[in-house]
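Q: Mind looking at a prediction? Sequence and model below.
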Amino acid sequence: MNANTGKPPPAVLHTPGFAHYSLAWSPFHNTRIALASSANFGLVGNGRLHLVSLVPGPGGMPSINLDKYFESQDGLFDVAWSEVHENQVLTASGDGSIRLWDIMLNDLAIGVWKEHTREVHSVDWSNIQKDTFVSSSWDGTVKLWKPDRPRSIMTLQAHHSCVYQALFSPHQPDTVATCSTDGTVKVFDLRSPTYVTGPNANSFTNPLSAAVLTIPASGTEVLTLDWNKYQPFTFATGSVDRMLKVWDCRMIKMGEPGQVGGICEATLPGHEYAVRKVQWSPHRADLLSSASYDMTCRVWNTVPNGPQPQLLYIHDAHTEFVVGCSWSLYEEGVLASCAWDGKLNIIRV
């Protein structure tokens with residue numbers, strides 16, 4: 001399959017010396033993107049939060065301007081825009097901290113939280129409870145936060161190993177899904193807390209929530225997941241076994257902690273190496289994008305036996321691991337990808 005047949009070349013921004021780990025489109029401005037980046041591929045050294053904007057260009061493809069950047073003491077692994085303040089953005093850092101930045105300022109972060117004991121790998125802002133965000137860490141925990149509070153409001157002992165991602169459901173405000181190195185996806189109902197016990201634990205101040213559903217999604221590490229924006233009980237996963245899978249948990253009775261289940265609706269093979277990021281389209285229920293260590297970003301039709309082939313598009317312009325992809329929230333068919341080659345690409349699918 002020719003990746004670029006009939007398509008204009010991508011718009012490209014290069015940030016030498018910094019490998020990109022994640023990107024996010026602003027929910028307030030259709031031309032603004034935040035990039036979380038790290039020096040030395042995130043192994044050692046500092047990080048940067050890049051703020052970029054798109055400028056209309058010839059042929060319908062924009063050019064990309066680097067507006068400003070913020071330095072951090074450690075590598076940045078994820079980024080999420082505030083759902084309540086158009087100029088505020090969160091970053092997840094390798095030193096275990098979460099930082100809140102105001103992009104209109106030129107100095108330090110306006111908020112810093114550090115409870116995780118290892119790298120923070122993901123942050124996600126709830127688009128329903130807009131004053132709440134969630135973080136996941138290599139320490140095996142997931143924490144809920146409010147930006148006006150100095151400490152987390154809840155801790156989930158999600159897995160006994162690295163939690164790569166934690167995401168709020170876009171349909172249910174108290175539902176969070178996580179994925180981990182143990183090959184499972186867990187779904188939590190935040191309204192049903194249990195409590196940590198033990199000789200050194202205070203059950204009144206250390207609430208934990210038990211997973212209501214555990215899905216054995218892969219025999220390898222599950223690196224990424226995303227909720228479908230139109231189907232409340234559907235989500236996709238990407239894992240080290242190179243597979244994308246679409247899951248439906250409607251047949252599972254929610255509210256029974258520890259239940260194991262989940263139905264795999266579709267399996268999408270094609271990537272040559274681990275799948276690092278998946279994201280559903282905000283405009284279509286059957287369109288899924290993926291980023292992989294095989295240096296490609298791909299677009300899939302998730303309807304089995306439908307009129308279109310499952311693999312719709314391959315973007316292969318990157319020269320290093322592609323670790324982030326994200327659909328434009330406002331313009332259908334516009335997809336951004338970022339990679340360890342220090343490049344942000346904007347393509348029209």
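A: On my side now, so go ahead.
Q: beta partners for Leu76?
A: Ser93 (DSSP bridges).
Q: And Val134, by the same measure?
A: Asp124, Leu144.
Q: Would you check that Leu329 makes contact with Trp25?
A: Yes - using Cβ atoms under 8 Å, Leu329 is in contact with Trp25, at 5.2 Å. No exception for glycine: its C-beta is placed from N, CA and C like everyone else's.
Q: Just give the strands next to the longest strand seen in the chain in its sheet, each with its orientation.
A: Taking DSSP state E as the criterion, the chain has its longest strand at strand 184-195. In the sheet, strand 184-195 lines up against strand 175-180 (antiparallel), strand 207-216 (antiparallel) (DSSP bridges).
Q: Nearest to Tyr273, out of the ones you listed?
A: Among those, strand 175-180 comes nearest to Tyr273, with 17.6 Å by Cβ to Cβ.
Q: Please enumerate residues in contact with the closest one?
A: Outside strand 175-180, the residues that touch it by Cβ atoms under 8 Å, 6 or more residues apart in numbering are 134, 136, 140, 142, 156, 158-159, 161-169, 185-190, 217, 221-225, 227, 235, 237.
Q: pLDDT value on the closest residue to Val187 other than its chain neighbours, please?
A: For Val187, ignoring the flanking residues on the chain, the nearest one in space by Cβ to Cβ, 6 or more residues apart in numbering is Leu213 at 4.1 Å. Note on Leu213: pLDDT of 88.
Q: ditto for Val222
A: pLDDT, read off for Val222, is 97.
Q: again, but for the one 10 residues further on
A: What the model reports for Pro232 is a pLDDT of 92.
Q: Surely it is within a strand?
A: No - membership of Pro232 in a strand is not supported by DSSP: H, G, I helix; E, B strand; the rest coil, which gives coil.
Q: in this structure, which segments are predicted with low confidence?
A: Counting by pLDDT under 70, the ranges of the chain that qualify are 1-7, 42, 59-60, 193-210, 251-260, 306.
Q: right, so the strands paired with strand 184-195: which one is the most enclosed?
A: strand 175-180 (a mean of 26; mean count of other Cβ atoms under 10 Å).
Q: ok, now how distant is the residue nearest to Val187 from Gln88?
A: 32 Å (Cβ to Cβ, to the nearest Å).
Q: now swap in Ala24 and tell me
A: Taken as Cβ to Cβ, the span from Ala24 to Gln88 is 12 Å.
Q: Out of the strands paired with strand 184-195, which is closest to Lys245?
A: Here strand 207-216 is closest among these (Cβ to Cβ), at 9.5 Å.
Q: Toward the C-terminus, what is the element adjacent to the closest one?
A: Sequence order places strand 222-227 as the next helix or strand after strand 207-216, per DSSP states H and E.
Q: Output that next one as CSV, nothing but the C-alphas.
A: Presented in CSV, the C-alpha positions along strand 222-227 are these (Å, rounded to 0.1, in the frame of the first residue of the first chain):
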residue,chain,number,x,y,z
VAL,A,222,-0.7,-3.2,26.7
LEU,A,223,0.9,0.2,25.9
THR,A,224,-2.2,2.2,25.0
LEU,A,225,-6.0,2.4,25.0
ASP,A,226,-8.7,4.8,24.0
TRP,A,227,-12.5,5.0,24.6
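Q: That one vs strand 175-180, what angle?
A: Between strand 222-227 and strand 175-180, the angle comes out at 160 degrees (axes from the mean of the first three to the mean of the last three Cα atoms, to 10 degrees).
Q: Partner strands of strand 222-227 and their direction?
A: Partners of strand 222-227 in its sheet, by DSSP bridges: strand 234-239 (antiparallel).
Q: now the partner strand, how far from the chain's geometric center?
A: 12 Å (Cα atoms, centre = their mean, to the nearest Å).
Q: what's the following helix or strand after it?
A: strand 244-248.
Q: Packing partners of that next one?
A: strand 234-239, strand 263-268, strand 287-292 (3 or more Cβ pairs under 8 Å, 6 or more residues apart in numbering; DSSP states H and E).
Q: what about the helix or strand following the second one, distance to the chain center?
A: Reading on from strand 263-268 to the C-terminus, the next helix or strand found by DSSP H and E is strand 275-280. Computed by Cα atoms, centre = their mean, the chain-centroid distance of strand 275-280 equals 8 Å.
Q: just to revisit the earlier point, mind checking which of Ala24 and Gln88 has more residues around it?
A: Ala24 (23 against 19; other Cβ atoms under 10 Å).
Q: so who does the more buried one touch?
A: 33-34, 79-81, 89, 326.
Q: same thing but at 10 Å, please
A: By Cβ atoms under 10 Å, 6 or more residues apart in numbering, the contact set of Ala24 is 32-36, 78-81, 89-90, 123-125, 324, 326, 329, 336.
Q: swap in Gly238?
A: By Cβ under 10 Å, 6+ apart, the residues touching Gly238 are 164-165, 179, 217-218, 222-226, 244-245, 268, 271, 274-279, 288, 290-292.
Q: Next, count neighbours for Arg276.
A: 24.
Q: The closest residue to it other than its chain neighbours is in what secondary structure piece?
A: Of all residues not flanking Arg276 in the chain, Val323 sits nearest, at 4.7 Å (Cβ to Cβ, 6+ apart). Here Val323 sits within strand 322-327, counting by DSSP H and E.
Q: My guess is Gly324 contacts Ser292. True?
A: No - using Cβ atoms under 10 Å, Gly324 is not in contact with Ser292; the gap is 11.1 Å.
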